[in-house]
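got a sequence here, can you build the structure:
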Amino acid sequence: MKKQFLRYLSGCIPAIALFTNVNAQSAKASLELNSKEYIFNEAKANLAIANEGNTANINTRAINEYSKSFKSADKASWFEMKDGFVAKFKEDGVETKVYYDLKGRWTGTIHTYNEDKLPKDIRKLVRSIYYDYSIFQVNEVIVGEKTAYLVRIEDAATFKTIRIIDGEMDVYEDYTKG
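From the prediction side, this is the model:
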């Protein structure tokens, strides 16, 4: 299960990183990517056809799963992708993307929010080492039973993305401000 989670995570992290606007002159980021393409491909989601209010082309099982899991969420925007479907919505300052495969089965969720929504134990872990940095964005990636946090921080000279999985923390990206 851990290998499967890491494989899925390795597909979504580059997509998140690719579509985050950070101005930097040099970047030091590396991640070995599996050859398997995974559904967390933001490019496809952003280029997909929006079906706001019209779910005729969306798998019924995906819509039912979404309705059970996110009862209090406002009306979602649905996107069709090559490998499945994405429901996007924003609630209480948290942007959520819920991914489903072609058969309508849930495959993962990404929550994007600011420091105030970050769980205290995760914030404490980051702040214990990066106390002079400010946290400006968090991506919480959930696949199966696993959750990974990508915490974006900055100081006067650098931007960093800190990755936290199962209480283990490492620097995923490190940018120098130009």
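
quick one: low-confidence ranges for this structure?
Within the chain, the stretches with pLDDT under 70 are 1-55, 74.

and the helices in it?
Per DSSP state H, the chain carries helices over the ranges 2-18, 42-47, 60-69, 120-129.

packing partners for the last one?
Read it as helix 120-129. Packing partners of helix 120-129 (3 or more C-beta pairs under 8 Å, 6 or more residues apart in numbering; DSSP states H and E): strand 146-154, strand 158-165, strand 168-176. The C-beta positions use only the backbone N, C-alpha and C, and glycine is treated the same way.

mind listing what's buried along the second one?
To tie it back to what came earlier, the one meant is strand 158-165. 159-165 (16 or more other C-beta atoms under 10 Å).

so which elements touch it?
With contacts taken as 3+ C-beta pairs under 8 Å, 6+ apart, strand 158-165 sits against helix 2-18, helix 120-129, strand 146-154, strand 168-176.

burial count for Y100?
Counted with other C-beta atoms under 10 Å, residues neighbouring Y100 total 25.

spatially nearest residue to it (excluding sequence neighbours)?
A62 (3.9 Å; C-beta to C-beta, 6 or more residues apart in numbering).

doesn't E80 make contact with that neighbour?
No - contact criterion C-beta atoms under 8 Å: A62 and E80 do not qualify, at 10.4 Å.

who's more crowded, these two?
Comparing A62 with E80 by other C-beta under 10 Å, the one with more neighbours is A62, at 24 against 17.

check the gap between that one and K103 for me.
Distance of A62 to K103, computed by C-beta to C-beta, to the nearest Å: 8 Å.

could you do F136 as well?
F136 is 37 Å from K103, by C-beta to C-beta.

out of the two, which sits in the busier spot?
Using other C-beta under 10 Å, the more surrounded residue of F136 and K103 is F136, with 12 against 9.
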